[in-house]
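[1] return a 3D structure for these sequence lines:
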Amino acid sequence: MANLYGLVQGTARGGVPLARVAVYKVCWSDGCHDADMLAAFDDAIADGVDVISILIGFPIRDYFRDSIAIGAFHAMRSGILTSTSAGNDGPHLASINNFSPWSLSVAASTIDRKFFTEVLLGSGKTNKGISINTFNLKRDMYPIIYGGNAPNVSAGYNGSKSKYCRRGTLDSNLVKGKIVLCDALANSGPFYAGAVGALMQDDGPKDKADSFPIPTSYLDPKAGRIFTSTTIFKSYEGPHKLVPYVVSFSLRGLNSATFDILKPDLIAPGVHILAAWSLDNPVLGVWGDNTFVPYNIILGTSMACPHAPATAVYIKSFHPTWSLAAIMSALMTAALPMSADINSEAEFAYGAGHINPVQSLDPGLLYDADETDYVNFLCGQNYTTKALQLVTGDHSTCSGLNNGTAAWDLNYPSFALSTSSKAFNRTFTRIVTNVGSPTSTYSPVVKAPTGIEVTVIPSVLTFSSVGQKLAFSVMVEGKLDSFMLSASVTWADGVHQVRSPIVVFLVA
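    Residues are numbered from 1 along each chain as shown. The predicted structure is shown next:
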């Protein structure tokens, strides 16, 4: 039975249990280098993998300087989908790490699981915080010391620094044998100072729980200061009120390389995931931590991302001839719609919505694309031939007959329009391929708020065979009274719901 010291007990299994996994190491003690990542892409392509999942990202703002985008482009040529993690330093806008249109970008959502850690005060009062605390203090009470009153003076620190409990700022002689109260979320400082436990308080997000090397609870400042003797209980599992919700650490769009390509593409579970863990590494990876387990509870877009390639492999097992763009389309158009009521960044947080594996098998219609489409897209981004070839690695050119395709006309399953003025007017063109019933008729269902008018032409798509392609256009016009407006268009035939988000937003 998989669990972490009794927490989250259950059966562990992969997304596609019969799939084979090949692992390519690209990161070392001195970082993750472009040459190693590109070599791993080459090896994976040569090995004939079906899907690549890469859980790395850098704040790069140009395709031809991005080794992951370049590697994914070469994988695309071989029909291999690359799934990337959005990144973990959110929630600022325009911070997403991986955003090329020929790869899938996955952000992290919560699941119906949260961990609570109660603190018993000497007065008998109980405060409830969050953390993943597997330690048991057996109700023994320990004195509290405020980090600001225990500075490591010999190292040059004063209370204005030590109150945050960063490593090296605390005086171990004052802290040892006590529970430290800290004014920030600090991982290892109290541990290295010899504290028995730690209570941490600040105004940071409380939408996820972290693990610590000593008993710890992360409290809301509204609970008030704690100066009495205290004990910290082992964590327990409870429901998460915001489900699904794009967690605060997940990086957000917009796509800083190409404003008019919406990223991320979708979200998947990435918080409080019970995952297999190497017995060679301690739970926290902190020197001096001697807890070694086969399963750990971890979080990150690196937990969210693997859900997408697992689903992609699942789709490919049923539809082996589908292109990577077709699989991306199935994942995105079948995604469960999300609400801006709980994620104010809307599509810049969750893209097309929450991954929906079973529905992705039968999407009805697909937005397909190939290498030529992506090359034309790059030419439309005003790339020179020299810069283009840094991505493609061949003799492609941006001249003559190939003068490029505007980003809003790339056959992508979402619609994004950046505008420098509040008034806007734009027509998008798309082509869909029928993979549902041989004879079917689809009608568009538009959802749009005040301020944006969406017109779809033609008003009906009638198919007579599987594989048939039909074109349509989407006209959006209106006036922004805020930073962004969100709408959607869904092609429906009574069986399938092929939904695409529409986003219009202001840029400087």
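
[2] where does the chain have its least confident helix or strand?
    helix 385-392 (a mean of 83; mean pLDDT, DSSP states H and E).

[3] okay, the next helix or strand after that helix in PDB with CA atoms only?
    Downstream of helix 385-392, the first helix or strand assigned by DSSP states H and E is strand 415-419. Extracted in PDB, the C-alpha atoms of strand 415-419 (Å, rounded to 0.1, in the frame of the first residue of the first chain):
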ATOM      1  CA  PHE A 415      -7.900  31.900 -30.100                       C
ATOM      2  CA  ALA A 416      -5.900  34.800 -28.700                       C
ATOM      3  CA  LEU A 417      -5.800  38.400 -29.700                       C
ATOM      4  CA  SER A 418      -3.600  41.100 -28.300                       C
ATOM      5  CA  THR A 419      -4.500  44.700 -28.900                       C
END
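
[4] which pLDDT does the model give residue 59?
    For residue 59, the pLDDT comes out at 83.

[5] meant to ask about residue 404
    So, for residue 404, pLDDT stands at 69.

[6] in the chain, which residue is most central in space?
    residue 107 (1.8 Å; C-alpha atoms, centre = their mean).

[7] so who does that one touch?
    Neighbouring residues of residue 107 by C-beta atoms under 8 Å, 6 or more residues apart in numbering: 86, 96, 246, 250-252, 264, 266-268, 270, 301, 304, 349-351. Every residue, glycine included, has its C-beta placed from N, CA and C.

[8] redo that, cut-off 6 Å
    Taking C-beta atoms under 6 Å, 6 or more residues apart in numbering, we find residue 107 in contact with 86, 246, 250, 264, 267.

[9] the least confident helix or strand of the chain packs against which elements?
    Using 3 or more C-beta pairs under 6 Å, 6 or more residues apart in numbering; DSSP states H and E, no helix or strand is in contact with helix 385-392.

[10] quick one, strands of the stretch 1-150 of the chain?
    2-4, 7-10, 27-28, 31-32, 51-54, 81-85, 104-109, 114-121, 126-130, 144-146 (DSSP state E, counting those that start in this stretch).

[11] which one's the longest helix in this structure?
    Criterion DSSP state H: the longest helix present in the chain is helix 34-47.

[12] can you give me the angle that helix makes with strand 81-85?
    140 degrees (axes from the mean of the first three to the mean of the last three C-alpha atoms, to 10 degrees).

[13] quick thing: my sequence starts at 714, can you match it?
    All right, first residue 714 from here; so that's helix 747-760.

[14] ranking the strands of the stretch 714-863 of the chain by burial, who's on top?
    strand 817-822 (a mean of 31; mean count of other C-beta atoms under 10 Å).

[15] quick one: average confidence on the longest helix of the chain?
    Rounded mean pLDDT across helix 747-760 is 96.

[16] please state the offset of it from the chain centre?
    23 Å (C-alpha atoms, centre = their mean, to the nearest Å).

[17] where does pLDDT dip in the stretch 1114-1221 of the chain?
    1114-1117 (pLDDT under 70).

[18] run through the stretch 914-1063 of the chain and note the low-pLDDT ranges.
    In the stretch 914-1063 of the chain (pLDDT under 70), no residue qualifies.

[19] how about the helices in it?
    Along the stretch 914-1063 of the chain, counting by DSSP state H, counting those that start in this stretch, helices occupy 1014-1017, 1020-1031, 1037-1046, 1060-1063.

[20] picking up where we left off before, which among the contacts of residue 820 gets closest to residue 1125?
    If you rank the contacts of residue 820 by distance to residue 1125 using C-beta to C-beta, residue 977 comes first, at 13.1 Å.

[21] looks like the closest one contacts residue 817 (just checking).
    No: using C-beta atoms under 6 Å, residue 977 is not in contact with residue 817; the gap is 8.7 Å.

[22] what is whichever helix or strand residue 1213 is part of packed up against?
    Assigned by DSSP H and E, residue 1213 falls within strand 1210-1219. In terms of contacts (3+ C-beta pairs under 6 Å, 6+ apart), strand 1210-1219 is packed against strand 1128-1132, strand 1197-1205.

[23] Provide the contact partners of stretch 826-842 at residue level.
    843-846, 922, 930-932, 936, 941-946, 948-951, 953, 985.

[24] now with 7 Å?
    843-846, 854, 912, 922, 930-932, 936, 939, 941-946, 948-953, 985 (C-beta atoms under 7 Å, 6 or more residues apart in numbering).

[25] show me which of the residues you listed are buried.
    In the contacts of stretch 826-842, burial by neighbour count holds for 843-846, 912, 922, 930-932, 939, 942-946, 948, 950, 953, 985, counting by 16 or more other C-beta atoms under 10 Å.

[26] in strands, which of these appear?
    843, 912, 930, 931, 932, 943, 944, 945, 950 (DSSP state E).

[27] among those residues, which pair sits farthest apart?
    943 and 950 (22.4 Å).

[28] quick one: buried residues of stretch 1028-1048?
    1028-1029, 1032, 1035-1048.

[29] for it, C-alpha coordinates in CSV please.
    Extracted C-alpha coordinates of stretch 1028-1048, given in CSV (Å, rounded to 0.1, in the frame of the first residue of the first chain):
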residue,chain,number,x,y,z
ILE,A,1028,-5.0,8.5,-27.1
LYS,A,1029,-2.2,7.3,-29.4
SER,A,1030,-2.9,3.7,-28.5
PHE,A,1031,-6.4,4.1,-30.0
HIS,A,1032,-5.4,6.5,-32.8
PRO,A,1033,-1.8,5.6,-33.8
THR,A,1034,-1.9,7.7,-37.0
TRP,A,1035,-2.9,11.0,-35.3
SER,A,1036,-0.3,13.8,-35.5
LEU,A,1037,1.0,15.5,-32.4
ALA,A,1038,-1.1,18.6,-33.3
ALA,A,1039,-4.1,16.3,-33.5
ILE,A,1040,-3.4,14.9,-30.1
MET,A,1041,-2.9,18.4,-28.6
SER,A,1042,-6.2,19.4,-30.2
ALA,A,1043,-8.0,16.4,-28.6
LEU,A,1044,-6.6,17.2,-25.2
MET,A,1045,-7.4,20.9,-25.4
THR,A,1046,-10.9,20.8,-27.0
ALA,A,1047,-12.1,18.1,-24.6
ALA,A,1048,-10.7,19.9,-21.5
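
[30] distance from the chain centre to that stretch, please.
    19 Å.

[31] which residue ranges of the stretch 864-1013 of the chain form strands?
    Using DSSP E, counting those that start in this stretch, strands in the stretch 864-1013 of the chain cover 892-895, 910-914, 929-932, 943-945, 949-951, 979-982, 986-989, 1008-1011.

[32] so which of these gets nearest residue 1137?
    strand 979-982 (25.2 Å).

[33] and residue 1009, what is it in contact with?
    Residue 1009 sits in contact with 717, 988, 990, 996, where contact means C-beta under 7 Å, 6+ apart.

[34] burial count for the third one?
    Using other C-beta atoms under 10 Å, the number of residues around residue 990 comes to 17.

[35] try the one 5 residues further on
    By the measure other C-beta under 10 Å, the count of residues near residue 995 is 18.

[36] which residue, other than its chain neighbours, is closest to it?
    residue 1002 (3.9 Å; C-beta to C-beta, 6 or more residues apart in numbering).

[37] and residue 1158, by the same measure?
    residue 1203 (4.4 Å).

[38] look up how far residue 1022 lies from that neighbour.
    26 Å (C-beta to C-beta, to the nearest Å).

[39] of the two, who's got more company?
    Neighbours of residue 1203 and residue 1022, each counted by other C-beta under 10 Å, are more numerous for residue 1022; the result is 26 against 17.

[40] surely the more buried one touches residue 767?
    No: using C-beta atoms under 7 Å as the test, residue 1022 is too far from residue 767 to be in contact (9.6 Å).

[41] returning to what we had before: residue 885 is nearest to which of the helices of the stretch 914-1063 of the chain?
    Nearest to residue 885, of the helices of the stretch 914-1063 of the chain and by C-beta to C-beta, is helix 1014-1017 at 33.7 Å.
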